[in-house]
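In: Take this sequence and fold it.
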Amino acid sequence: MANQEQEIIRMFKSGDQDGLRLLFDLYYAPLCAYAHKYFDSLDQAEDIVQEAFITLWEKNSRCNWSSR
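Out: I've put the predicted structure just below:
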């Protein structure tokens, strides 16, 4: 994994919203393209990916990474 990606993940795990934004910017379009293969419309694929990011952020906020 590239150092930049490792730093983004570190930011995300620490609860930094900029880390979430960077993850979103990096992976949103590729994930939408992938999801679109499985759903009828691009809008539906985008909704699924957005929901996945919301769930990821919510679960991250409940996770105590420092204890791992």
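In: what's the worst-scoring helix or strand of the chain on mean pLDDT in contact with?
Out: One helix or strand of the chain scores below all others by mean pLDDT, DSSP states H and E: helix 3-13, with a mean of 90. With contact meaning C-beta atoms under 8 Å, 6 or more residues apart in numbering, helix 3-13 is reached by Met1, Asp18, Gly19, Leu20, Leu22, Leu23, Leu26, Asn60, Cys63, Trp65. C-betas here are computed from N, CA, C, even on glycine.
In: Show the buried residues in those residues.
Out: Neighbour-count burial (16 or more other C-beta atoms under 10 Å) applied to these gives Gly19, Leu20, Leu22, Leu23.
In: In strands, which of those appear?
Out: In strands, defined here by DSSP state E, there are no members of those.
In: need the contacts of helix 3-13 in CSV with distance to Ile48, can you?
Out: Conversion of the contacts of helix 3-13 to CSV gives the following (distance: C-beta to C-beta, whole Å):
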residue, distance to Ile48
Met1, 25
Asp18, 24
Gly19, 22
Leu20, 17
Leu22, 21
Leu23, 16
Leu26, 18
Asn60, 19
Cys63, 22
Trp65, 26
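In: By pLDDT, give me the weakest of those.
Out: Ranked by pLDDT, those bottom out at Trp65, which scores 59.
In: tell me, how many neighbours does Ser41 end up with?
Out: Ser41: 9 surrounding residues under other C-beta atoms under 10 Å.
In: do the one 3 residues further on as well
Out: Look at Gln44: counted by other C-beta under 10 Å, it has 13 neighbours.
In: quick one, what contacts it?
Out: Counted by C-beta under 8 Å, 6+ apart, Gln44 has zero contacts.
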